[in-house]
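Peer 1: Okay, sequence plus prediction incoming.
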Amino acid sequence: MLISPRRAGEKRLIAVLQPLIGKIDVAAMQAANYSVDRDRDRDRDRDKASPAEAARAWR
């Protein structure tokens with residue numbers, strides 16, 4: 001997890017994010033990023049996912 005230097009001193013933000021460390025593996029994160037970052041989902045013949053759709057897919 002990366003936090004910008006500008007927000008690194010925000011203890012409340014760090015406390016909220018702390019439980020997420022190690023919970024999302026690299027392959028899952030890459031798949032979610034890819035679903036949002038491409039123009040089309042060729043496998044499903046649809047437009048790319050929104051960030052909200054990508055997040056819901058993790059549940």
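Peer 2: Right, received. Where do you want to start? Source: prediction; values computed, not measured. Numbering: from 1, shown residues only.
Peer 1: Just the helices from this structure, written as ranges.
Peer 2: 11-17, 26-37, 51-56 (DSSP state H).
Peer 1: What are the buried residues along the second one?
Peer 2: The neighbour-count check on helix 26-37 (16 or more other CB atoms under 10 Å) flags 32, 35 as buried. Where you see a C-beta, it was placed from the backbone N, CA and C, and this is true even at glycine.
Peer 1: chain center to that helix: distance?
Peer 2: 7 Å (CA atoms, centre = their mean, to the nearest Å).
Peer 1: what sits up against that helix?
Peer 2: 41, 48-51, 53-55, 57-58 (CB atoms under 8 Å, 6 or more residues apart in numbering).
Peer 1: swap the cut-off to 7 Å and go again
Peer 2: 41, 48-49, 51, 54, 57-58 (CB atoms under 7 Å, 6 or more residues apart in numbering).
Peer 1: among those residues, which ones are buried?
Peer 2: Buried among these (16+ other CB under 10 Å): 49, 54.
Peer 1: Could you find the lowest-pLDDT member of the contacts of helix 26-37?
Peer 2: By pLDDT, residue 41 ranks lowest within the contacts of helix 26-37, coming in at 57.
Peer 1: now the helices of the chain in JSON lines, with distance to residue 1?
Peer 2: Below are the helices of the chain laid out as JSON lines (distance: least, CB to CB, whole Å):
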{"stretch": "helix 11-17", "distance to residue 1": "6"}
{"stretch": "helix 26-37", "distance to residue 1": "10"}
{"stretch": "helix 51-56", "distance to residue 1": "15"}
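Peer 1: Give the residue spans of this protein that score low on pLDDT.
Peer 2: Low-confidence segments of the chain, defined by pLDDT under 70: 39-46, 59.
Peer 1: redo that, cut-off 90
Peer 2: For the chain, the stretches with pLDDT under 90 are 1-2, 20-59.
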